[in-house]
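Chemist: Attaching a predicted model along with its sequence, questions to come.
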Amino acid sequence: MSATNAYPVELEAPDISAYRTGNTGIDYVHTFDSGKPGPDAMINAVIHGNELCGAIAVDYLMKQDIRPTRGKLTVAFVNPEAYLRFDPAHPTKTRFVDEDMNRVWTPERLNGSDSTVELRRARELLPLYDRVERLLDIHSMGTYSDPIMLIHGLEKERRFTRQIGYPAMIACGSGHVEGLRLIEYAPFNDPASDRIACLVECGQHWAKSSADVAIDTALQYLHALDMISAETLAAHRHTAPVEAVTVADVTHGYAIRTDDFFFAENFKGLERFNKAGAVIAVDGGEEIVTPYDDCILVMPNHRAVKGQRAFRLARLSEAAV
């Protein structure tokens with residue numbers, strides 16, 4: 001396993017206790033209604049308890065009194081039980097309490113008899129996800145990769161994330177080996193529905209830059225929905241605007257097969273390989289290579305173990321737009 005597991009914790013988890021009692025009847029969930037026609041939109045933070053940037057972004061929106069000028073905006077601290085256990089001395093320990101909350105969004109799990117902290121919270125939040133028209137789910141990554149917007153790849157998602165225009169890379173493709181991500185929950189993943197969910201990976205979990213990206217992605221999302229003005233976006237922006245967005249299609253996902261797996265280099269993500277045959281990793285003595293020219297490595301997971309997805313491969317699907 002790579003030594004890249006150790007990263008400094010540059011962020012401080014904001015105190016969210018003041019947000020526990022909201023106005024929705026659900027703890028840590030607040031809805032702001034402009035009273036004017038417009039989208040029913042939602043922003044999610046901390047579906048994983050150790051990913052601080054989303055909490056920082058929602059806390060920023062709340063404290064800066066950034067409210068929708070039309071439509072309705074709901075903000076949620078999704079997995080507060082995991083988040084409230086975060087310890088900067090052990091930052092990897094509080095991704096979840098019982099299970100990964102971003103794998104449970106299947107009818108079998110949601111309607112089944114299992115009872116975990118994450119499933120109970122998912123069921124509590126389900127009426128919101130069955131209602132909202134647009135969803136931004138804020139996450140972070142295990143490496144110092146540049147930020148990525150992730151979507152399943154439906155055309156409606158491609159259009160909307162290009163309208164958001166931030167961050168610079170959009171990756172289209174399915175999620176994990178087991179379960180479904182929230183953005184793949186059935187109402188969002190239906191081509192016949194106009195409802196859309198997208199997930200932003202803002203950078204390394206505890207890097208200061210990931211909080212800046214989270215704030216700016218939330219702002220650009222609201223601006224794309226015409227829920228805040230260009231002046232509000234400019235006044236609160238923390239990073240430089242993106243000049244062009246690149247869209248890539250995920251073609252392969254690699255799950256580790258043996259207990260003897262390692263990456264060929266200390267990859268951080270979004271490396272590009274000009275020629276097919278470049279060695280990405282070695283698994284049980286077998287070299288895992290790029291299957292085509294101009295291949296992009298997406299989100300290498302240096303903490304993955306046998307059976308878990310270690311990386312994805314993608315190719316450009318469109319020129320910069």
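Modeler: On my side now, so go ahead.
Chemist: buried set for the host helix or strand of Arg123?
Modeler: Counting by DSSP states H and E, the element that carries Arg123 is helix 117-129. Buried residues in helix 117-129, counted by 16 or more other CB atoms under 10 Å: 117-119, 121-122, 125, 128-129. All C-beta spots, glycine's among them, are computed from the backbone N, C-alpha and C.
Chemist: can you list the weak-confidence ranges in the stretch 201-321 of the chain?
Modeler: Where the stretch 201-321 of the chain drops to pLDDT under 70, the residues are 318-321.
Chemist: mind listing the strands for this structure?
Modeler: 29-33, 40-45, 72-77, 134-141, 148-151, 169-172, 196-204, 246-255, 261-263, 272-273, 279-283, 286-289, 295-298, 309-318 (DSSP state E).
Chemist: Now render those as JSON lines, adding distance to Pro88.
Modeler: Compiled in JSON lines, the strands of the chain are given as follows (distance: least, CB to CB, whole Å):
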{"stretch": "strand 29-33", "distance to Pro88": "26"}
{"stretch": "strand 40-45", "distance to Pro88": "18"}
{"stretch": "strand 72-77", "distance to Pro88": "18"}
{"stretch": "strand 134-141", "distance to Pro88": "15"}
{"stretch": "strand 148-151", "distance to Pro88": "25"}
{"stretch": "strand 169-172", "distance to Pro88": "29"}
{"stretch": "strand 196-204", "distance to Pro88": "14"}
{"stretch": "strand 246-255", "distance to Pro88": "31"}
{"stretch": "strand 261-263", "distance to Pro88": "26"}
{"stretch": "strand 272-273", "distance to Pro88": "34"}
{"stretch": "strand 279-283", "distance to Pro88": "30"}
{"stretch": "strand 286-289", "distance to Pro88": "34"}
{"stretch": "strand 295-298", "distance to Pro88": "28"}
{"stretch": "strand 309-318", "distance to Pro88": "26"}
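Chemist: Reformat those strands as TSV; add mean neighbour count and distance to Leu180.
Modeler: What follows is these, written out as TSV (neighbours: other CB atoms under 10 Å; distance: least, CB to CB, whole Å):
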stretch	mean neighbour count	distance to Leu180
strand 29-33	18	22
strand 40-45	24	15
strand 72-77	25	19
strand 134-141	25	13
strand 148-151	24	13
strand 169-172	23	16
strand 196-204	26	11
strand 246-255	19	14
strand 261-263	18	25
strand 272-273	16	29
strand 279-283	18	25
strand 286-289	15	25
strand 295-298	24	18
strand 309-318	19	14
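Chemist: Centre of the chain to the helix holding Arg123, how far?
Modeler: Computed by CA atoms, centre = their mean, to the nearest Å, the chain-centroid distance of helix 117-129 equals 18 Å.
Chemist: for that helix, packing partners?
Modeler: strand 72-77, helix 80-83, helix 107-110 (3 or more CB pairs under 8 Å, 6 or more residues apart in numbering; DSSP states H and E).
Chemist: switch to 7 Å and redo it
Modeler: Contact analysis of helix 117-129 by 3 or more CB pairs under 7 Å, 6 or more residues apart in numbering; DSSP states H and E lists helix 107-110 as its packing neighbours.
Chemist: Please state the offset of the helix it packs on from the chain centre?
Modeler: 21 Å.
Chemist: cool, and stretch 122-137?
Modeler: For stretch 122-137, the distance to the chain centre is 15 Å (CA atoms, centre = their mean).
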